[in-house]
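**Q** Okay, predicted coordinates and the sequence, questions at the end:
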Amino acid sequence: MPTPPWRLIDVLERAETGPMCFEKDFDTKILVSNIQRVVKEYNIKYDPETLISSDDSKADDLWKAAWDLYLSVGTYCTSSYRRLLFNETEIKEALDSYVDTVELGCGKDARKWSARKVEDSKRPGCLFTPVGVRCAEDVFAALAMCYMQEPLADGVSTPILEEIEGRPIGTGPPSEIQGATVHAMRVREAARRVGRPGLAIVGTGTALTDTAQIATSDPSWGARYTDIRLVPIVSELKINNDLLNKMLHFHQGGYLAATLSGPLSRGYVGVEGTAVIGVASHIQGLMVNQGYFTCYFPTDIRNFGNTTREMLWLVSSCYQALARNTRLVSGSNGFAIAGPCTEMVMYEAAAHGITSAVSGASVLWEMSTASNKHKERTTPMEARMACESGIAATQMRMKRETANELVKDILKKYEDLIPKAPLGKTFRECYDVARKKPTQEYLDLYNKIKKELGDLGLKYSY
């Protein structure tokens, strides 16, 4: 990769010398008031009937609102009580210098992701992920292998190892480093076992602290330079020393640094304000987190998903704003509310994949299930549905008007179920663990939903 997206030393200095304020004042007097101001000033409005807008001016207005917000607010460092502020020239310089292609993986498993435009015919990248699902030691490698063997997967995020040697893994004690080390070793072995030794792996989910992340940085057995190392944004528009330590280590060590952004809808502000934060968080990801690309997963705090009507509007609006006004590479991370092996989760996956692809997301980063709350309740089948559906829309050169009607038709099939979404089944119930294959029950369900979507007009290539 090239140099860090902006001047790393300046970022570290501002984290210690920027304007000081208490966190509560940042939240209430600076952040919320400015969000409310820009939403009103730029007329950002949610339309429940237009999930995927065809109005370019609305996307541009959202970008202008986010630009205004970030210039006014900046990023707050919770460790130093300082605000990191940037002027317009500095951000424009970073955007202009940004290299809009990300190279990941190595050898025959090397891949490239690049920025996409709205309604782009260029195929989006695909990253298969169980996100932050917890997993027992006895099934950890098998679950990772099932994701890694998926042909569409350019890279894979692996589950969180919950225990090691029969003991729970903590955050901070030596068990975290021990668990993170085993995690890194086993996922590398899993990739080799499925014949993809150079596959890009996203971080080490078991390693939450900076110390544990640094402990797994060893290309011979752990995290490689071509793997993806994540630096999260603390909601909303915040950072801390632990995360800055990770950022510094990843860049000084030559690793592929990326930003993790998950703004919370219905938190400080409504869905319009969350959309503004979502776009602004990509600017923070460039300037502070110093990410070469962003994993973006806005989440509704009522159901911990982003496949509802409001959230699909938000996802589409944000990606259209980014695709029309930047060359940033960003992955749209789906969070389904239903669990595996249910019709609802298949519909959710398809709706999220189509919305993201047509709106200009660079990568389909799919897919969390069961509101990301339940142990081992995830499988690669949900990611497969989201990515196949998004790619199908791209190959059809689907227009936004068509995608909007299609996604609304899909939403009708599960919207009423959201308050009582089915929990579905666990990985062990959905897959033959020994043979690393989905059950016939799940395959039949998958093909049934795929046929339904085909009848609605989505043309799959296989």
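**A** Alright, I've got the coordinates. Numbers count the residues shown, from 1 in each chain.

**Q** how about the helices in the stretch 151-300 of the chain?
**A** 174-193, 210-215, 241-252, 271-287 (DSSP state H, counting those that start in this stretch).

**Q** now the second one, how far from the centre of its chain.
**A** Looking back up the chat, that one is helix 210-215. 21 Å (C-alpha atoms, centre = their mean, to the nearest Å).

**Q** contacts for it?
**A** The contact list for helix 210-215, computed with C-beta atoms under 8 Å, 6 or more residues apart in numbering, reads 176-177, 180-181, 203-204, 206-207, 229, 242-243, 245-246, 249. Yep, even glycine has a C-beta here, placed from its N, CA and C like the rest.

**Q** Weed out the non-buried ones from those residues.
**A** Taking 16 or more other C-beta atoms under 10 Å as the criterion, what is buried in these is 176-177, 180-181, 203-204, 206-207, 229, 242-243, 245-246, 249.

**Q** I'd like those residues laid out as CSV, including distance to Val102 and pLDDT.
**A** Formatted as CSV, the buried ones among the contacts of helix 210-215 follow (distance: C-beta to C-beta, whole Å; pLDDT from 0 to 100):
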residue, distance to Val102, pLDDT
Glu176, 28, 95
Ile177, 29, 95
Ala180, 24, 95
Thr181, 27, 96
Gly203, 15, 86
Thr204, 19, 88
Thr206, 24, 92
Ala207, 22, 91
Arg229, 12, 97
Asp242, 24, 97
Leu243, 20, 98
Asn245, 23, 97
Lys246, 18, 97
His249, 19, 97
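
**Q** Make CSV out of those residues and add distance to Glu310.
**A** Below are the buried ones among the contacts of helix 210-215 laid out as CSV (distance: C-beta to C-beta, whole Å):
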residue, distance to Glu310
Glu176, 36
Ile177, 40
Ala180, 36
Thr181, 41
Gly203, 29
Thr204, 33
Thr206, 33
Ala207, 33
Arg229, 32
Asp242, 32
Leu243, 29
Asn245, 36
Lys246, 32
His249, 37
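
**Q** List the buried residues in stretch 420-440.
**A** So, applying 16+ other C-beta under 10 Å, buried residues of stretch 420-440: 421-422, 424-427, 429-431, 433, 436, 438-439.

**Q** Make CSV out of those and add distance to Ile233, secondary structure and pLDDT.
**A** Formatted as CSV, these follow (distance: C-beta to C-beta, whole Å; DSSP: H, G, I helix; E, B strand; the rest coil; pLDDT from 0 to 100):
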residue, distance to Ile233, secondary structure, pLDDT
Ala421, 27, coil, 98
Pro422, 32, coil, 98
Gly424, 30, coil, 97
Lys425, 33, coil, 98
Thr426, 31, coil, 97
Phe427, 29, helix, 98
Glu429, 35, helix, 98
Cys430, 32, helix, 98
Tyr431, 33, strand, 98
Val433, 35, coil, 97
Lys436, 35, coil, 98
Pro438, 34, strand, 98
Thr439, 38, coil, 98
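
**Q** Looking at those residues, spot the one nearest Leu364.
**A** Pro438 (19.5 Å; C-beta to C-beta).

**Q** ok now do the closest one, which residues does it touch?
**A** Applying C-beta under 8 Å, 6+ apart, the residues contacting Pro438 are Thr379, Pro380, Met381, Cys430, Tyr431, Asp432, Tyr446.

**Q** swap in Met381?
**A** Pro340, Cys341, Cys430, Pro438, Tyr442, Tyr446.

**Q** re the thing from before, among the contacts of Pro438, which one sits closest to Ser362?
**A** Pro380 (20.9 Å).

**Q** so what's that closest one scoring on pLDDT?
**A** Turning to Pro380, the model gives it a pLDDT of 98.

**Q** Hmm, it is touching Ala144, no?
**A** No. The pair Pro380 and Ala144 does not pass the contact test of C-beta atoms under 8 Å, sitting 10.2 Å apart.

**Q** about what we covered before: could you export the contacts of Pro438 to a markdown table, including columns for distance to Tyr460 and secondary structure?
**A** As requested, these are exported to a markdown table (distance: C-beta to C-beta, whole Å; DSSP: H, G, I helix; E, B strand; the rest coil):
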| residue | distance to Tyr460 | secondary structure |
| --- | --- | --- |
| Thr379 | 20 | coil |
| Pro380 | 17 | helix |
| Met381 | 15 | helix |
| Cys430 | 22 | helix |
| Tyr431 | 23 | strand |
| Asp432 | 25 | strand |
| Tyr446 | 12 | helix |
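
**Q** could the residues you listed go into a markdown table alongside distance to Ser362?
**A** Formatted as a markdown table, the contacts of Pro438 follow (distance: C-beta to C-beta, whole Å):
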| residue | distance to Ser362 |
| --- | --- |
| Thr379 | 25 |
| Pro380 | 21 |
| Met381 | 23 |
| Cys430 | 29 |
| Tyr431 | 29 |
| Asp432 | 34 |
| Tyr446 | 26 |
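
**Q** Widest-spaced pair of those residues?
**A** Asp432 and Tyr446 (15.1 Å).

**Q** Just give the nearest non-adjacent residue to Cys341, would you?
**A** Spatial nearest neighbour of Cys341, chain neighbours left out: Lys425 (4.5 Å); criterion: C-beta to C-beta, 6 or more residues apart in numbering.

**Q** Spit out the contact partners of the one you found.
**A** Gly339, Pro340, Cys341, Arg377.
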